[in-house]
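K.L.:
model the structure of this input:
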Amino acid sequence: MGKQKTYKNFLKVTVILLSTLFGIGYLPILGGTFASLAGVFTFILFFKSNLSFFLFTLITIFISFPLSSWGERIFEKKDAKEIVIDDFSGMLISLLFLPKKGPFIFLAFLLFRLFDFLKIYPANKLEKLKGGFGIVGDDLCAGIYTNIFLHVFKFILKISS
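P.N.:
Predicted coordinates for the structure are as follows:
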């Protein structure tokens, strides 16, 4: 019985660490903004190739759904403010296949936060889904909007990666 309790405690701590992005979600204000900044710094500091960043983004998105659902149960609140892995995941999508240039990164951050705040259709509908799908869905939508906007901008200005 002791091993099972230890295992459950380990899982709970793991879910809390990952869903709060190692405690960022516990910040009293702007947790989502700081989680988005963590996504920016992850992009800048740790990834040299588009492929490795793409794979990291896919894995992060994949684990965001169950982590957010489990986090919601642990925090006993719908879309608990402590859960910020959704903002991190959305920011990663915003940066996919973009040049690692300051203006693009800055615009990606600003646009992602704007789209996340505005909840433009279908983000407003996705947010109403239950569990991890509702928590993560609207942020993924904001990330997709940001990414499309910046790729169109890049194409119009004929900027190379």
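K.L.:
give me the distance between the nearest residue to Asn50 once chain neighbours are set aside and Phe54.
P.N.:
Using CB to CB, 6 or more residues apart in numbering and skipping the chain neighbours, the partner closest in space to Asn50 is Phe97 (5.5 Å). For glycine as for every other residue, the C-beta is placed from the backbone atoms N, C-alpha and C. According to CB to CB, to the nearest Å, Phe97 and Phe54 sit 7 Å apart.
K.L.:
do the same with Arg113
P.N.:
In terms of CB to CB, Arg113 sits 22 Å off from Phe54.
K.L.:
got it, and Thr20?
P.N.:
On the measure of CB to CB, Thr20 and Phe54 end up 25 Å apart.
K.L.:
buried residues in whichever strand or helix holds Ala142?
P.N.:
Ala142 is part of helix 131-156 when elements are defined by DSSP states H and E. Neighbour-count burial for helix 131-156, counted by 16 or more other CB atoms under 10 Å, picks out 131-147, 149-150, 154.
K.L.:
what sits up against the worst-scoring helix or strand of the chain on mean pLDDT?
P.N.:
Here the helix or strand of the chain ranked lowest by mean pLDDT, DSSP states H and E is helix 2-19, holding a mean of 88. With contact meaning CB atoms under 8 Å, 6 or more residues apart in numbering, helix 2-19 is reached by Gly23, Gly25, Ile63, Leu67, Ser68, Trp70, Gly71, Ile74, Glu82, Ile83, Val84, Ile85.
K.L.:
what about burial for those residues, which qualify?
P.N.:
For those, buried by 16+ other CB under 10 Å: Gly25, Leu67, Ser68, Trp70, Gly71, Ile74, Glu82, Ile83, Val84, Ile85.
K.L.:
neighbour count: Thr20 and Phe54, which is higher?
P.N.:
The residue with more neighbours, out of Thr20 and Phe54, is Thr20; 24 against 14, by other CB atoms under 10 Å.
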